[in-house]
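Visitor: A predicted structure for the sequence below; I have some questions about it.
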Amino acid sequence: MKPRTVNICYLYLALLVAAVVLTPFFSFQANACTCSNPPIREALALADAVFIGKAIEGDEEKEETISNGKTIVRLSGRVRFSVEWAFSGVKRSDVIVETGNSAGCFVDDFAQGDRYLLYAQGSEDQVFIVGLCSRSTDISGADEDLKILSSLSPKTCGVKLYGTAISGTKITATDDQGQTLEAVSEAGRYEIDGVKPNVEYTVQAHFPDYFQKGNANLQKVRINTCGWANVGFYPIYDGSIRGRVIDTDGKPVSNAVVELTPSSLTGFLSDGAAISDWHGRFELTGVAPGAYLLGINITREPEKNHPYPPIWYQNESDRESATIIELGPGQKLSGYDLVIPRRLAERIIEGTVFWPDGRPAAKADVYLYTSKQQESVWLKAIYTDGQGRFKVTGYEGIAYYVVARSAPNRDEPPVWKWFFAEPPLVELKGENVTRLSLTLTWDEETFKDFFEKKRERQK
């Protein structure tokens with residue numbers, strides 16, 4: 001097994017893109033990073049250098065007037081810092097910090113003359129870079145960091161290796177001399193005693209055989225003096241379900257989306273999916289033990305590349321008649337074939353969207369939303385033309401809600417308020433549906449309440 005070297009990065013994935021806590025002295029792109037700051041001792045372990053410095057000059061200098069009317073100079077490119085105090089990794093009085101851009105999670109610029117506490121990657125012989133999620137901050141926001149950093153002594157502070165793993169898992173840390181330390185996780189946590197600073201360890205989680213084996217179970221780590229390293233292990237079950245997708249003549253069907261959903265769920269959430277190959281074969285891997293339902297288009301609407309009606313194993317047209325599949329830890333099941341009866345014929349839905357005063361709603365979004373799969377994703381929106389007209393494709397035999405929305409300031413984003421039309425339910429049969437008239441009279445709360453009540457009735 002080839003080990004994977006991990007730069008212990010704490011890009012804690014969060015839904016809080018705009019909530020990354022940084023001082024206003026750092027400018028950055030909102031889409032650049034989705035993470036939060038690590039604890040101080042972990043940030044210290046991640047950094048090649050930690051120091052206090054003043055931003056002196058940069059390759060690019062740009063004046064900017066801030067909210068209090070004061071003019072500051074923004075420095076970017078290669079920025080020279082005067083080092084006032086070094087906690088680790090710096091011996092020179094001046095160093096270069098290179099700023100990033102919108103493509104990465106790095107600081108974009110600094111304010112000339114301002115002092116910063118920087119947790120940096122790189123070296124003083126070349127350049128440093130500073131991550132947005134490294135705890136680096138203007139000195140005014142560094143009180144807690146400075147208190148802890150100033151209290152650390154290399155002779156007494158020690159290092160710590162800990163993390164998360166399934167309870168009862170043995171974790172080992174082996175150095176390049178073959179010396180091994182170990183611990184067993186309890187309540188999902190472990191900590192290994194006796195780890196030395198600045199020594200590379202191979203850290204391994206020894207999971208039971210019913211989990212997948214691979215590089216995710218093996219990581220390398222080197223902890224700086226006084227640092228803490230948080231190494232987590234997240235195993236994937238080795239269970240799988242295989243089968244084929246065929247048509248009524250027994251011919252293989254390719255490009256069919258086969259999905260798995262827990263039988264206990266009342267909604268339409270997928271727990272995994274696979275696409276059939278040219279021979280109609282599919283395999284769902286990494287499946288945890290449990291009871292499941294298997295099928296095609298069971299959590300999504302038919303669409304151009306997958307124009308099939310919902311089919312549940314064993315070839316049933318509704319969820320209530322589907323066969324429950326029981327899977328044990330690491331169990332590998334095969335022979336779960338699905339027969340697709342036919343490709344659905346395309347049907348067209350046409351109409352016009354209006355504002356309440358009778359004006360056509362140009363550039364309004366129009367979606368189709370199936371009546372049965374209330375938790376599924378809407379089909380891709382189309383947009384009305386200058387006269388408010390739309391034409392959208394659905395599939396025969398499917399009942400859709402036709403959803404239209406727009407905003408008065410649609411041409412001037414960001415959009416602050418959406419208006420919706422009451423969604424008509426259209427069942428596509430042998431003919432196209434034309435001359436629908438939709439008027440944008442509902443606010444967003446009324447629209448959400450409409451579908452929430454329908455979901456409640458389906459449970």
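Guide: The structure has been received and is ready for your questions.

Visitor: give the contact list for residue 180.
Guide: Contacts here follow Cβ atoms under 8 Å, 6 or more residues apart in numbering; on that basis residue 180 touches 172, 173, 174. C-beta here means a position set from N, CA and C on the backbone, and glycine is covered the same way.

Visitor: Of the residues you listed, which is the most crowded?
Guide: For the contacts of residue 180, the largest neighbour count, defined by other Cβ atoms under 10 Å, is 23 neighbours, found at residue 173.

Visitor: what's the distance between that one and residue 56?
Guide: Computed with Cβ to Cβ, to the nearest Å, the distance linking residue 173 and residue 56 is 42 Å.

Visitor: swap in residue 234?
Guide: Using Cβ to Cβ, residue 234 is found at 44 Å from residue 56.

Visitor: higher neighbour count, the two?
Guide: residue 56 (14 against 10).

Visitor: Which strand or helix spans the closest residue to residue 209 other than its chain neighbours?
Guide: In space, and not counting its chain neighbours, residue 209 is closest to residue 330: 6.5 Å by Cβ to Cβ, 6 or more residues apart in numbering. Using DSSP states H and E, residue 330 sits within no helix or strand.

Visitor: ok, residue 330 - contacts?
Guide: Neighbouring residues of residue 330 by Cβ under 8 Å, 6+ apart: 209, 210, 211, 237, 238, 239.

Visitor: Just the residues contacting stretch 239-247, thanks.
Guide: By Cβ under 8 Å, 6+ apart, the surrounding residues in contact with stretch 239-247 are 210, 252-254, 256, 258, 260, 276, 279-289, 292, 294, 296, 325, 327-342.

Visitor: What subset of the residues you listed is buried?
Guide: The neighbour-count test (16 or more other Cβ atoms under 10 Å) marks 253, 256, 258, 260, 276, 280, 282, 284, 287-288, 292, 294, 296, 325, 327, 330, 333, 336-340 as buried among the contacts of stretch 239-247.

Visitor: Strands of the stretch 151-300 of the chain, residue ranges please.
Guide: In the stretch 151-300 of the chain, strands defined by DSSP state E, counting those that start in this stretch lie at 160-164, 170-175, 180-184, 189-192, 200-206, 218-222, 228-230, 239-247, 257-262, 272-275, 281-287, 290-296, listed in chain order.

Visitor: Distance to residue 119 and mean pLDDT for the ones you listed - can I get that in CSV?
Guide: Below are the strands of the stretch 151-300 of the chain laid out as CSV (distance: least, Cβ to Cβ, whole Å; pLDDT from 0 to 100):
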stretch, distance to residue 119, mean pLDDT
strand 160-164, 17, 96
strand 170-175, 24, 97
strand 180-184, 27, 97
strand 189-192, 23, 97
strand 200-206, 21, 95
strand 218-222, 16, 92
strand 228-230, 13, 95
strand 239-247, 41, 96
strand 257-262, 42, 91
strand 272-275, 39, 90
strand 281-287, 35, 95
strand 290-296, 42, 94
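
Visitor: Indicate which one of the ones you listed is closest to residue 404.
Guide: Closest to residue 404 of the strands of the stretch 151-300 of the chain, according to Cβ to Cβ: strand 257-262, at 27.4 Å.

Visitor: Okay, now the sheet partners of that closest one, with direction.
Guide: Sheet pairing here is set by DSSP bridges, and for strand 257-262 it gives strand 272-275 (antiparallel), strand 290-296 (antiparallel).

Visitor: got the angle between the longest one and strand 239-247?
Guide: Put plainly, it is strand 290-296. Per axes from the mean of the first three to the mean of the last three Cα atoms, to 10 degrees, the angle that strand 290-296 makes with strand 239-247 is 20 degrees.
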